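1. Need a 3D model of the sequence below.
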Amino acid sequence: MRISKIHQLALAGLLYGIDHFIPENQEFKILKEKGPFYPKISEYLSLKEKENIDNTAKLLGKIPTEEEFFISLKSKMDFSILSNLEKLWSSSPEDIDSFFVKFRIYFAEKRFLTHCQLLSALSACGEYPLLLIGKITGSPENIVSFLSSSSFESEILTGRLMFIHIFTTILPLFEARFYPIPLACMIKANESEFYAFLPGPISSKGDNHIEKINRWLWENRYGEFSLSWEAIEFPLNQINNLSFLLLTMEQIILKKTLTPFKTFLLEEGKNIFYVDFSRDICPICKRKPAENPEKICSICKKEIKLAEKSSKAVFLDPSLITREDTYLPEIFKESNELSLFTNELKGTELLPVFHPSLPLHEEEKKKFCSNCGISKEKNNLYKCIIRKTCGLNCMASLARGKRKLFFAELEISCSTERITEYLYKNNFFIALFSYLKSDTIIKDLCSECNNKQLCNKSIRCLCFYQIKSSFIWVIGAWDKVLKLIKLLFPIAYPAFKIQGKLKLFSSKDNLSSILKDNTNLLNPWKLIEQNNLEIFGRPVENKKIVELLNFSEVIGKAIEKSEINIFIIKDLYECKDMIESYFYDEDIKGLKFLPKISLAIKKQVFSEELREKLKLFMEIDSEKSILPYISFIINYLDLLELTGRE
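-> Sure thing, here's the model as predicted:
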């Protein structure tokens with residue numbers, strides 16, 4: 001069996017971190033009941049290797065930790081493997097990577113995990129580590145351009161993100177021909193950029209085959225994406241300045257980066273490819289020749305297959321690929337990307353996509369599609385079955401039987417620039433996607449859904465994408481998106497800064513034009529002030545979002561149960577201008593809303609308990625009141641499509 005010294009050093013650093021950074025408490029007693037781990041394997045290390053790990057741990061120990069977030073979801077992990085450290089030490093690189101992944105997922109919400117990760121990475125790289133940053137040009141710019149220029153196909157977007165995710169996950173691991181790089185060395189990875197620590201002798205080989213990689217990307221992706229990277233020496237005493245180094249390197253990469261088209265023209269100065277005018281253009285991407293008889297191009301066809309497979313799988317597992325003596329283009333030529341998906345907890349990364357898929361059995365599919373009614377309207381019943389994934393229209397109609405969707409664009413950023421914060425944010429997304437793929441999310445989002453039996457213990461009215469390291473998109477049924485926001489905020493705030501906006505649209509609207517008009521992915525500085533979320537055109541403070549959603553739900557449910565008269569919505573609407581005049585324009589005349597609201601509560605609310613809850617409408621202190629968000633409450637109640645409104 002092949003043994004990797006680099007992986008062994010990464011394991012030694014991780015075990016040292018378990019001994020020194022995990023606090024002594026009851027929760028982690030299972031890890032420490034037999035004493036520290038590092039001394040048991042340190043006998044396999046040289047004096048120089050021990051000294052390097054000790055010095056690195058001392059530097060990391062000076063980095064403070066912040067408040068932890070918590071997700072009430074625990075992945076299962078068998079810690080018995082730590083009882084036989086000799087066996088673990090002599091394991092294959094894939095087994096050591098698998099142990100690291102399980103450890104990271106299990107402790108994703110713990111601050112100490114970031115210290116363990118960094119110590120593991122730097123231990124693997126020895127005394128003179130290199131810091132590598134890579135960027136895929138064309139992502140997410142290509143995705144935004146694609147959505148803006150063609151009809152939106154959710155499975156195509158999913159497949160495109162999956163290709164980029166596969167590429168940027170595998171690329172750092174195979175940056176060297178003969179040396180498998182431990183997963184612990186990937187300190188940060190997202191859909192278009194990756195950062196990694198590398199042992200000095202390895203990274204020097206990178207420039208030798210980056211041209212081959214870009215040539216392969218050009219030939220296989222029609223110039224959509226290209227790769228740039230840069231590596232610098234990283235002195236260990238600069239660990240506290242790592243975030244600054246990353247920003248500096250990003251600027252270097254930005255200057256080096258050109259679009260694939262311009263790069264090719266400058267290097268080759270000749271025609272790009274032959275255009276076959278005898279074939280139709282692909283109706284989806286509208287760029288490449290279609291393949292008969294499918295009538296779509298080979299790339300879009302592959303992306304549909306990737307979407308189908310990824311909707312059911314949880315992890316990406318590159319361990320099936322033979323690493324030795326192989327350049328990355330050859331790896332992709334010889335391997336089918338579909339084979340890299342798995343549901344087992346052994347993969348390298350959780351897939352950063354949550355996308356609905358149709359039921360497995362044909363009869364269930366027919367019932368499901370008949371229920372949504374979209375296919376019937378367009379006279380092509382069961383068309384979705386062919387693609388095996390649900391469209392956005394289906395998502396809309398499955399939410400309380402309504403036809404409204406929300407497109408939410410959120411930026412979740414760190415409160416400080418310490419490298420541990422960047423790692424912690426990455427771990428947060430890992431925990432979040434683990435939560436989205438679990439049964440727990442079904443209980444939280446689908447408990448009151450009219451179609452929970454039909455969906456067969458799965459969410460089929462929501463899409464969730466991580467587009468960049470800080471940006472996520474949520475697209476789906478309006479009520480499910482709001483519920484997800486309500487679940488997300490107590491977890492992420494105030495540990496992270498959150499900003500973004502939600503755009504409401506009908507299932508009959510042109511989503512492509514909406515994305516084009518509203519997305520800020522390429523211009524994040526245009527987003528509204530930090531720690532606000534714009535909903536229905538008004539900013540809502542993060543600290544008020546959960547309270548506001550809960551309050552709106554209480555009113556909506558009470559109206560549905562006839563505990564509140566439906567005409568209270570009319571009363572609120574009549575007070576809206578006065579309320580906003582008082583809170584936003586500081587016009588004292590706006591206080592005329594108080595007697596109107598008081599009378600409405602007295603007349604329209606039939607329960608004393610509910611009257612007490614609705615006294616929040618009488619609060620005029622802007623810090624305590626939810627009245628500045630009266631537009632949200634009215635719009636929320638309108639979305640419920642309650643009957644009886646004049």
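
2. Domain parsing of this protein, as residue ranges.
-> Split into domains by automatic domain parsing, the chain comes to 1-127, 128-345, 352-535, 548-639.

3. Okay, buried residues for the helix or strand where residue 10 lies please.
-> If you go by DSSP states H and E, residue 10 is part of helix 5-21. Using 16 or more other Cβ atoms under 10 Å as the test for burial, helix 5-21 gives 6-21. No exception for glycine: its C-beta is placed from N, CA and C like everyone else's.

4. contacting residues for residue 616?
-> Listed by Cβ atoms under 8 Å, 6 or more residues apart in numbering, the contact set of residue 616 reads 551, 625-627.

5. ugh, wrong one, I meant residue 420
-> Taking Cβ under 8 Å, 6+ apart, one finds 63, 65, 111, 114-115, 118 in contact with residue 420.

6. Kindly recompute the last result at 7 Å.
-> Residue 420 is in contact with 63, 114-115, counting by Cβ atoms under 7 Å, 6 or more residues apart in numbering.

7. Against residue 131, how distant is residue 89?
-> Remark: distance between residue 89 and residue 131 (Cβ to Cβ, to the nearest Å) = 27 Å.

8. Next up, phi/psi of residue 606, please.
-> Here is the backbone geometry of residue 606 (degrees, to the nearest 10): phi -100, psi 0.

9. okay, now it: neighbour count?
-> By other Cβ atoms under 10 Å, 12 other residues sit near residue 606.

10. Ok, residue 118 next?
-> The burial count for residue 118: 26, using other Cβ under 10 Å.

11. in the stretch 101-250 of the chain, which ranges drop under the pLDDT threshold?
-> Within the stretch 101-250 of the chain, the stretches with pLDDT under 70 are 138-155, 172-180, 188-191, 201-209, 222-223.

12. which stretches of it form helices?
-> Assigned by DSSP state H, counting those that start in this stretch, the stretch 101-250 of the chain shows helices spanning 112-125, 141-149, 154-173, 200-203, 206-221, 242-256.

13. Skipping adjacent residues, who's closest to residue 558 in space?
-> What sits nearest to residue 558 in space, not counting adjacent residues and going by Cβ to Cβ, 6 or more residues apart in numbering, is residue 564, at 4.3 Å.

14. Next, work out how far apart that neighbour and residue 503 are.
-> From residue 564 to residue 503 the distance is 29 Å (Cβ to Cβ).

15. which residues in the chain form strands?
-> 129-137, 188-189, 193-199, 226-233, 315-316, 341-342, 349-350, 353-354, 404-414, 462-466, 471-477, 496-506, 532-535, 538-541 (DSSP state E).

16. ok, and for the last one, which residues are buried?
-> When burial is assessed from 16+ other Cβ under 10 Å, strand 538-541 yields the following buried residues: 538-540.

17. which of those lies closest to residue 579?
-> Of all these, residue 579 sits closest to residue 538, with 11.8 Å by Cβ to Cβ.

18. Nearest residue to that closest one in space, please, no chain neighbours.
-> residue 631 (5.4 Å).

19. That neighbour - how many residues pack around it?
-> When neighbours are counted by other Cβ under 10 Å, residue 631 comes out with 18.

20. thinking again about what came up before, reformat the contacts of residue 616 as a markdown table; add distance to residue 454, neighbour count and pLDDT.
-> Formatted as a markdown table, the contacts of residue 616 follow (distance: Cβ to Cβ, whole Å; neighbours: other Cβ atoms under 10 Å; pLDDT from 0 to 100):
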| residue | distance to residue 454 | neighbour count | pLDDT |
| --- | --- | --- | --- |
| 551 | 30 | 20 | 89 |
| 625 | 41 | 18 | 84 |
| 626 | 35 | 18 | 82 |
| 627 | 39 | 24 | 85 |
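
21. Now tabulate the residues you listed in CSV and tack on distance to residue 225.
-> CSV is the format used below for these (distance: Cβ to Cβ, whole Å):
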residue, distance to residue 225
551, 46
625, 49
626, 46
627, 49
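
22. What about those, which are in helices?
-> Counting by DSSP state H, the contacts of residue 616 place residue 551 in helices.

23. Model confidence score at the residue nearest to residue 465 when sequence neighbours are not counted, please.
-> Distance criterion Cβ to Cβ, 6+ apart; nearest residue to residue 465, sequence neighbours excluded, is residue 473 at 4.5 Å. On pLDDT, residue 473 comes in at 80.

24. distance of residue 434 from residue 104?
-> Per Cβ to Cβ, residue 434 is found 11 Å from residue 104.

25. what's the weakest-modelled helix or strand in the chain?
-> In the chain, the helix or strand scored least confidently by mean pLDDT, DSSP states H and E is helix 141-149, which has a mean of 48.

26. burial count for residue 547?
-> Residues within reach of residue 547, counting by other Cβ under 10 Å, total 14.

27. Could you measure from it over to residue 418?
-> 31 Å.

28. By neighbours, which of the contacts of residue 420 wins?
-> Going by other Cβ under 10 Å, residue 114 tops the contacts of residue 420 with 26 neighbours.

29. Leaving out chain neighbours, which residue sits closest to residue 167?
-> residue 136 (6.9 Å).

30. which residues does the one you found contact?
-> Applying Cβ under 7 Å, 6+ apart, we find residue 136 in contact with 164, 167-168, 192, 225, 227.

31. Looking at those, which one is closest to residue 585?
-> Nearest member of the contacts of residue 136 to residue 585, counting by Cβ to Cβ, is residue 192, at 42.8 Å.

32. how many other residues sit next to that closest one?
-> Counted by other Cβ under 10 Å, the residues lying close to residue 192 total 23.

33. doesn't residue 133 make contact with it?
-> No: counting by Cβ atoms under 7 Å, residue 192 stays clear of residue 133, with 11.6 Å between them.

34. Common neighbours of the two, please.
-> Residues touching both residue 192 and residue 133 (Cβ under 7 Å, 6+ apart): none.

35. Can you say which of the helices of the stretch 101-250 of the chain is packed in most?
-> Mean neighbour count (mean count of other Cβ atoms under 10 Å) peaks for helix 112-125 among the helices of the stretch 101-250 of the chain, with a mean of 26.
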